[in-house]
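*Asks:* How does the following fold in three dimensions:
(chains A and B)
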Amino acid sequence: MFLLVVWLATTVIFFLPRIASDRNPVRERLVMMAATGNLATGMEKVVEAYEREYGLDQPLYLQYVRYLSSVLRGDLNVSLINYPTRVWDMIKQRMPYTLGLVGISVLVAFALGSLSGATLAWPGAPRWLKGALPVFLTLSPIPYFMLALLLMFVFAVRHQWQPDWWPLLPLAGATSVTAVYDGWDIERVLDTIKHSILPALSIILSQIGFWALGMRGMMVTTAGEDYVTLAQMRGLRPGRVFGLYGMRNATLPQLTSLALAMSLIFSGVILVEVIYRYPGMGTLLYNAIAGFDYFVIYGVVLVLIVMVAASTFILDIAYPFIDPRVRRGA
Amino acid sequence: MLDPSTETTQSSAAIQAEADSSSDSSFSAISQIGYYLLHERMLSIGLFMLIALLALWLIGGQIVDPKLADPISGPQTAPPQSKYWLGTDFNGRQVLPLMIHGAPLTLRIGLYAGIFGLGIGIILGFLGGYMRGVIDAFIRIISDVFITIPSLAVLVVVASTIKESSGLSVNAMGFIVASLSWMWPTRVIRAQVLSMRESNYVEVARLNGMGDLEIIFRELMPNLLPFLAASFVGAMASGILAAVGLEALGLGPQHEPTLGMTIYWSLYYGATISNWWWWYVPPIILVAWIFITLYLIAAGLDKWANPRLRQSL
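*Replies:* Down below sits the predicted model:
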């Protein structure tokens, strides 16, 4: 499935643009550079050299084979704007930020959402939790990056209605503009965390309601099962019944929906990064689109697809560890 | 939000009695919907919000001159005041008319996605669910694969290569977004058809000598209506989501004031840092309004179609 997803996706993004238009990105980029005076002489020769190098003068199916083999080798060509820099090197630098943002926010949102959803389905749920659910449900259909902008409006910009103690968080970037860091010392880590709060929060706030709703639905069914009643009658501690008998069994469908949601989560994170100028792959993509840096656009998109497919795959193989029923190969 | 006037409660009680005696007249069907609406907050709030949105579109679009949404129709970045209710943007466009004429464009993109997504979903879903076998396996795998592929990634590649200097038109945008809106409808419809074709009433229809097409249109389709409506709304939401995403990345129609483009331009000119909040907050609220509306309607319809959900919620 993983390979099928990656192959089909790469094929689609190879052929669709070529069917839809006959733009030649290398030529266009070079013409743009020539227009700004960077590359005045021997324009045609350079274009031809590029086309030969990237095989753009060959028939489509040969281009496709060549493209597939370079994708397999992990070769994503070079950036047209920052010429000799390889696209993969640029992405490698950005990837930890994106993965960190996705990882933290999904973990927190999934854990918080599932836990509160499960609590809501169990007898004796606290009233504030019942009141909070509609609020989070209302937030859940709003795209992450719009929530990000609203959070920015409230927590990153100074307004008259804010009291003096109002906390203001950084508006953009992953570290302070004035700070210069050599390595990853504690100060830089703290600075990065501070800059990541709002981007992460905008994803978490939007997701909690979704996971809570799903978990509540599952727990309602689970709570009615005979084995839960039996466990209660056996006098097991309520926490044990809730966690091991209730939540563990209700989590599996949640993981399935998490796997299906991965593509939406990744695209959402990419956009949140653009809002906060967070130095992940989203900002890289944004800049590449603005400058029409074709190979960078392709590279980011490809890596994004592979990351989504990989995360889905990992969740798939994680099922048996969480639910023994799957392990027996039913 | 619900105003249960005495008239409707009375009629709903009457309908309840009527429904119990399992009458099948169209009158009872309509009033059953009315009864349901009264008791289903999600759907009725959603519909109420939809009506407000349509009112903004139809009435606001008539009253407010579209020229006011053009550049230099007002001063630069004026805060909200009596003359310009929601202020003006960096290019001197008035934000309120911008919203009134921008929202329908965004909704239009969503409509394309909804219509296209539902159409393909019905064809593929029925084909797979009803025919089964190899065709079904193929359709199932393809739709699962495309659900896993982040559609924004594919759309970015397509939109950035065919982007002309002036950007895409709203219609082109709609078609691009619509091309990847069919997976969830296909999945949902297929699953429903798969379970329905085994049900007793379909069996009875088949024994009565009904043909496949007749069964599909006269037995399955009517029962699927709430699902189809929910799928339509869902595809619409995913289409608008993809569209505002592309627009935030700068791949939208450059000369059309869709809501996503207004947000993009406000970011482009640094409205957050300069604290021109009246420029980017209204489009966000409007987009959020659209998404919450669609979400409530879809969830309400789902509950309607799925009585089991009704109890647990």
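*Asks:* Please count neighbours and contacts with C-alpha atoms only from this point.
*Replies:* OK.
*Asks:* what about residue B:53, distance to residue B:290?
*Replies:* 8 Å (C-alpha to C-alpha, to the nearest Å).
*Asks:* Counting by contacts, list what the host helix or strand of residue B:159 packs against.
*Replies:* Following DSSP states H and E, one finds residue B:159 within helix B:151-162. For helix B:151-162, the elements it packs on are helix A:2-20, helix A:248-276, helix A:294-322, helix B:170-178, helix B:221-248, judged by 3 or more C-alpha pairs under 8 Å, 6 or more residues apart in numbering or on different chains; DSSP states H and E.
*Asks:* With adjacent residues omitted, what lies nearest to the residue in chain A positioned nearest to chain B?
*Replies:* Nearest residue of chain A to chain B (C-alpha to the nearest C-alpha) works out as residue A:263 at 4.5 Å. Nearest residue to residue A:263, sequence neighbours excluded (C-alpha to C-alpha, 6 or more residues apart in numbering or on different chains): residue B:150, at 4.5 Å.
*Asks:* can you check residue A:218 too?
*Replies:* Nearest residue to residue A:218 in three dimensions, chain neighbours excluded: residue A:250, at 5.4 Å (C-alpha to C-alpha, 6+ apart).
*Asks:* got it, and residue A:97?
*Replies:* residue A:280 (5.0 Å).
*Asks:* for that neighbour, what are its contacts?
*Replies:* Taking C-alpha atoms under 8 Å, 6 or more residues apart in numbering or on different chains, we find residue A:280 in contact with A:94-98, A:270, A:273.
*Asks:* next one: residue B:249
*Replies:* Contacts for residue B:249 (C-alpha under 8 Å, 6+ apart) come out as A:271, A:274, A:286, A:289, B:264.
*Asks:* what's the neighbour count on the second one?
*Replies:* Same thing as residue A:274. For residue A:274, the neighbour count with other C-alpha atoms under 10 Å in any protein chain shown is 25.
*Asks:* contacting residues around it?
*Replies:* With contact taken as C-alpha under 8 Å, 6+ apart, residue A:274 is in contact with A:282-283, A:286, B:249.
*Asks:* Take those and write them to a markdown table, including secondary structure, distance to residue A:232 and pLDDT.
*Replies:* Listed next are the contacts of residue A:274 as a markdown table, based on DSSP: H, G, I helix; E, B strand; the rest coil; distance: C-alpha to C-alpha, whole Å; pLDDT from 0 to 100:
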| residue | secondary structure | distance to residue A:232 | pLDDT |
| --- | --- | --- | --- |
| A:282 | helix | 49 | 90 |
| A:283 | helix | 52 | 91 |
| A:286 | helix | 55 | 90 |
| B:249 | coil | 53 | 87 |
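*Asks:* which of those has the most neighbours?
*Replies:* Going by other C-alpha under 10 Å, residue A:282 tops the contacts of residue A:274 with 29 neighbours.
*Asks:* So it sits against residue A:268, correct?
*Replies:* No. The pair residue A:282 and residue A:268 fails to qualify as a contact (C-alpha atoms under 8 Å) at a distance of 9.4 Å.
*Asks:* Any buried residues in stretch A:241-253, and which?
*Replies:* Neighbour-count burial for stretch A:241-253 flags A:241-242, A:245-247, A:249-252 (criterion: 16 or more other C-alpha atoms under 10 Å in any protein chain shown).
*Asks:* one step back: per-residue pLDDT, the residue nearest to residue A:218?
*Replies:* With respect to pLDDT, residue A:250 has a value of 81.
*Asks:* what sits against it?
*Replies:* Taking C-alpha under 8 Å, 6+ apart as the criterion, residue A:250 is in contact with A:215, A:218-219, A:222.
*Asks:* could you dump the helix or strand hosting residue A:154 to PDB, C-alpha only?
*Replies:* Per DSSP H and E, residue A:154 falls inside helix A:144-155. Extracted as PDB, the C-alpha positions of helix A:144-155 are listed here (Å, rounded to 0.1, in the frame of the first residue of the first chain):
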ATOM      1  CA  TYR A 144      -5.800  25.200  11.000                       C
ATOM      2  CA  PHE A 145      -4.200  28.200   9.300                       C
ATOM      3  CA  MET A 146      -7.200  30.400   9.900                       C
ATOM      4  CA  LEU A 147      -7.200  29.500  13.500                       C
ATOM      5  CA  ALA A 148      -3.500  30.300  13.400                       C
ATOM      6  CA  LEU A 149      -4.300  33.800  12.200                       C
ATOM      7  CA  LEU A 150      -6.900  34.300  14.800                       C
ATOM      8  CA  LEU A 151      -4.500  33.100  17.600                       C
ATOM      9  CA  MET A 152      -1.900  35.500  16.100                       C
ATOM     10  CA  PHE A 153      -4.500  38.300  16.300                       C
ATOM     11  CA  VAL A 154      -5.200  37.600  20.000                       C
ATOM     12  CA  PHE A 155      -1.800  36.400  21.400                       C
END
